[in-house]
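In: predicted model follows, preceded by the sequence.
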Amino acid sequence: MKSIEVVAGIIEDNHKIFATQRGYGEFKGAWEFPGGKIEPGESREQALARELKEELSIDVSVGDYLCSVNHDYPNFHLLMHCFFCKIIGGKPTLLEHESAKWLGFQDFRSVEWLPADLSVIDILEKQFSTSNR
Ligand SMILES: Nc1nc2c([nH]c(=O)n2[C@H]2C[C@H](O)[C@@H](COP(=O)(O)OP(=O)(O)OP(=O)(O)O)O2)c(=O)[nH]1
């Protein structure tokens, strides 16, 4: 089976996280953390900063590593590395996504996440509920 390696950014501001809704492709309409595939020669952090610039027109500082998720989709295996990010320049502009929302802790499950993201949400809920963030 095909395997892809992706980085995803959990953009934080004032105890909220930024969720984006996919605007195209087989998962159109599902919610995710913005990011994308790592290109040859890039570090994970470089790939994430590049993807967030391309997709949202923002400059970010990539902060703490949160987790890596393995998930089997019907057509491919996903390995996704998640990092917290802070916006250091620009305002999110949806260049590829259909919609976006800032979600507070109570609203983390109010959107339909991509299946691989549910384990990220589990971990985030633990962090936010114990006031680690
Ligand atoms: N960016 C991102 N991708 C995710 C998440 N959860 C999840 O299952 N994915 C999957 C969806 C995609 O199949 C893959 C990300 O690849 P991508 O963003 O480069 O999207 P894509 O396959 O449409 O790529 P492309 O057409 O631009 O080549 O990872 C997530 O939270 N963020």
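Out: Sure, I can see it.
In: only C-alpha atoms for contact and neighbour calcs from this point on.
Out: Fine.
In: separation between the spatially most central residue of the chain and residue 115?
Out: Geometric centre of the chain, nearest residue: residue 33, 2.0 Å, by C-alpha atoms, centre = their mean. To residue 115, residue 33 is 12 Å away according to C-alpha to C-alpha, to the nearest Å.
In: re the thing from before, so the residue nearest to the centre of the chain touches residue 9, yeah?
Out: Yes: counting by C-alpha atoms under 8 Å, residue 33 does reach residue 9; the two are 5.7 Å apart.
In: need the CA coordinates for the helix or strand containing residue 10. CSV is fine.
Out: For residue 10, the host element (DSSP states H and E) is strand 2-13. Taking C-alpha atoms only, strand 2-13 is exported to CSV below (Å, rounded to 0.1, in the frame of the first residue of the first chain):
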residue,chain,number,x,y,z
LYS,A,2,1.1,3.5,-0.7
SER,A,3,2.4,5.4,2.4
ILE,A,4,2.6,9.1,2.8
GLU,A,5,4.2,11.3,5.5
VAL,A,6,2.5,14.5,6.4
VAL,A,7,3.1,17.3,8.9
ALA,A,8,0.1,19.1,10.5
GLY,A,9,0.0,22.4,12.5
ILE,A,10,-2.1,22.9,15.6
ILE,A,11,-2.2,26.7,15.4
GLU,A,12,-2.9,28.0,18.9
ASP,A,13,-4.1,31.4,20.0
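In: identify the residues contacting that strand?
Out: If you take C-alpha atoms under 8 Å, 6 or more residues apart in numbering as the criterion, strand 2-13 is touched by 17-18, 33-38, 44, 47-48, 52, 62, 75-87.
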